[in-house]
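Visitor: Below are the sequence and a predicted model for it; my questions follow.
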Amino acid sequence: MQFAQKNNTIRWIIISFSFFITVLILWNTYIFFQIFKNEERTKMEFWAEAQRTLLQADVFTDVELPLKIISHNTTLPIILTNEKDSIISGVNIDEKILKDQKLSQNLLESLKKENEPIAYEYVPGSFQYLYYGNSSLLNQLKYYPIALLLIIVLFAALVYNYYTSNRMSAQNKLWAGMAKETAHQIGTPLSSLLGWIEIMKADDIDETIVSEIEIDINRLQTIADRFSKVGSAPVLERIDVVEETQKSFEYLTSRFSKQVVFTFKSLPSPVMIDLNAALHSWTIENLVKNAIDAMKGRGEISVLMDEDAKFVKILVSDTGKGIPKNQFKNIFEPGFTTKKRGWGLGLSLTKRIVEEYHKGRIKVLKSEIGKGTTIQISFKKIS
C-alpha cells in the first residue's frame, strides 16, 4: 500500500513538474513574440520616417540613409494608403495582387487585423498610412505554442497508453495466475473424487447415481481445464461446432430448474471450424447462465443455429428483462453488471473467448425491455 502511494506521489510530482516546464516554455515564447513584434514595429516606424523624408526631400537633403532603410526591408509586406483608405503602393507584395483590386483590398483588410497602422505627414495637413504584416519568422513563432501543445498532448497520450497497457498486462497476468492456481486447487479433490467413483462402482452402488456423479466430476475437470487455459494461447482443433454447442446445451438443460423452458434448433449437417471445445462450452454456459439471471430463473431460453455462405451463427435468446440500446456494447466491458452480486466478468470473458481466441464476433442482435434479448455469435466457416 505504501509502495503504491509512493509511486502515485512520484507520478504527480513528475506531472506537476512537466506542467510547470510547459507553462514556462509557453510564457517565454509569448515574451519572445512580443519582443520581436515590438522590434518589427520600430523598424516600420523608421521605414515610415524614411518614406516621409524622401517625399519631403529637396536637392539639399541627404537621402542616402532613408534609401538604405527602405531598401533593407525585404520581408515585411507593406501597403501604403491615403486618408481615404485608397491603396497608393505596396512593398514585398506580388504585383498580381496589387493590380487586382479585390485581392489587394482583401490583403489590406488582413494587414489591418495584424497590426495598427502607422500614420505620417508627408506634406503639411496630408497623411499617408502604412499597414504592415508580420514577418514569416513572427508567424512561425505565433504558431509554435500550438505545435508545442500538440506535441505535449501526443506525448501525454503515448505515456497514458503505455501505463494503461502495462497496467492491463499486469492485471491479465494476475488473473491468469489466479485462474491457474484455481485449476491446480480444484485438481486435488477431483483426483480423490475419481477414486471414490471407482470404489462406488466396485461396491455395486446404483449405476444411475454413479453415472450422474461421474458426469458432474467430468464437468469439474472441464472447468479446471478452462481455468488452466486462461492466459495461454488455446489449442484449436477442427471440430463440428453444431455437435459441441448441442453437447454444452444439453448438459445445462439437465442442471437447471424446470421453470426454465429450453429449446435448441440445430443445423441439419455438421459445420467444421477451428475450435477449442472447452472454451466454446464455457461461452455457451456463460450466455445461458446470463440469460437465466436476466429472467430471474423463470422463462424461456432458445439456442438457434444458422448459417450462410461464410459464417455459422449461434443465437441465444431469452425472455428476460431486456437491455437498453445504449448498453448493447457496455455489457461486454469488464466489470459491467446490473446484478447486485457478481464481478461482471462473464460476458467480458465470453467476448474474449469468441473474438480473441476464435476470431469470431459477438454482439447483441436485438433486445426489448421487458420482453427479452438475443445475443449472436458468428464464426467464420472453413472453406
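Guide: Ah, there it is.

Visitor: If we ignore the residues flanking it in sequence, what's nearest residue 276?
Guide: residue 234 (4.2 Å; Cβ to Cβ, 6 or more residues apart in numbering). From N, CA and C alone the C-beta is placed, and that goes for glycine too.

Visitor: for residue 213, same thing?
Guide: residue 197 (6.5 Å).

Visitor: Does that neighbour lie in a helix or a strand, and which?
Guide: In the assignment (DSSP states H and E), residue 197 maps to helix 136-202.

Visitor: Would you map the strands across this protein?
Guide: 78-81, 87-91, 118-123, 126-132, 237-240, 260-265, 272-275, 299-307, 311-318, 361-368, 372-380 (DSSP state E).

Visitor: returning to that earlier point: tell me how many other residues surround the residue nearest to residue 213.
Guide: Residue neighbour count, defined by other Cβ atoms under 10 Å, stands at 16 for residue 197.

Visitor: start at 56 instead
Guide: Got it, first residue is 56 now, which makes that one residue 252.

Visitor: Please look at the residue nearest to residue 331 and residue 412 and confirm they touch.
Guide: Yes. Between residue 289 and residue 412 there is a contact under Cβ atoms under 8 Å: 5.2 Å.

Visitor: anything in contact with each of these two?
Guide: 331, 334 (Cβ atoms under 8 Å, 6 or more residues apart in numbering).

Visitor: residues contacting the residue nearest the centre of the chain?
Guide: Most central in the chain under Cα atoms, centre = their mean is residue 216, positioned 9.6 Å from the mean C-alpha point. For residue 216, the contact set (Cβ under 8 Å, 6+ apart) is empty.

Visitor: quick one: low-confidence ranges for the stretch 206-355 of the chain?
Guide: Scanning the stretch 206-355 of the chain for pLDDT under 70 picks out 222-240, 242-243, 281-282, 284-287.

Visitor: Any figure for the gap between the residue nearest to residue 268 and residue 264?
Guide: 11 Å (Cβ to Cβ, to the nearest Å).

Visitor: Residue 305 too?
Guide: In terms of Cβ to Cβ, residue 305 sits 20 Å off from residue 264.

Visitor: cool, residue 139 as well?
Guide: For residue 139 relative to residue 264 (Cβ to Cβ), the value is 111 Å.

Visitor: Between the two, which has more neighbouring residues?
Guide: Counting neighbours by other Cβ under 10 Å for residue 139 and for residue 264 shows that residue 264 has the greater number, 10 against 5.

Visitor: tell me the contacts of the nearest residue to the more buried one once chain neighbours are set aside?
Guide: In space, residue 264 comes closest to residue 255 once its chain neighbours are excluded; the distance is 8.0 Å by Cβ to Cβ, 6+ apart. Contacts for residue 255 were tallied using Cβ under 8 Å, 6+ apart; they are 264, 265, 268.

Visitor: Let's have these in CSV, adding distance to residue 424.
Guide: Below are the contacts of residue 255 laid out as CSV (distance: Cβ to Cβ, whole Å):
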residue, distance to residue 424
264, 44
265, 46
268, 42
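
Visitor: Nearest to residue 197, out of the residues you listed: which one, please.
Guide: residue 268 (80.2 Å; Cβ to Cβ).

Visitor: burial of the closest one, as a residue count?
Guide: Residue 268 sits with 15 neighbouring residues when counted by other Cβ under 10 Å.

Visitor: My read is that it contacts residue 254, right?
Guide: No. Residue 268 is beyond contact range of residue 254, at 11.7 Å (criterion: Cβ under 8 Å).

Visitor: follow-up on the earlier one: return the distance of the residue nearest to residue 268 relative to residue 246.
Guide: Taking Cβ to Cβ, one finds residue 252 at 11 Å from residue 246.

Visitor: Nothing else from me, thank you.
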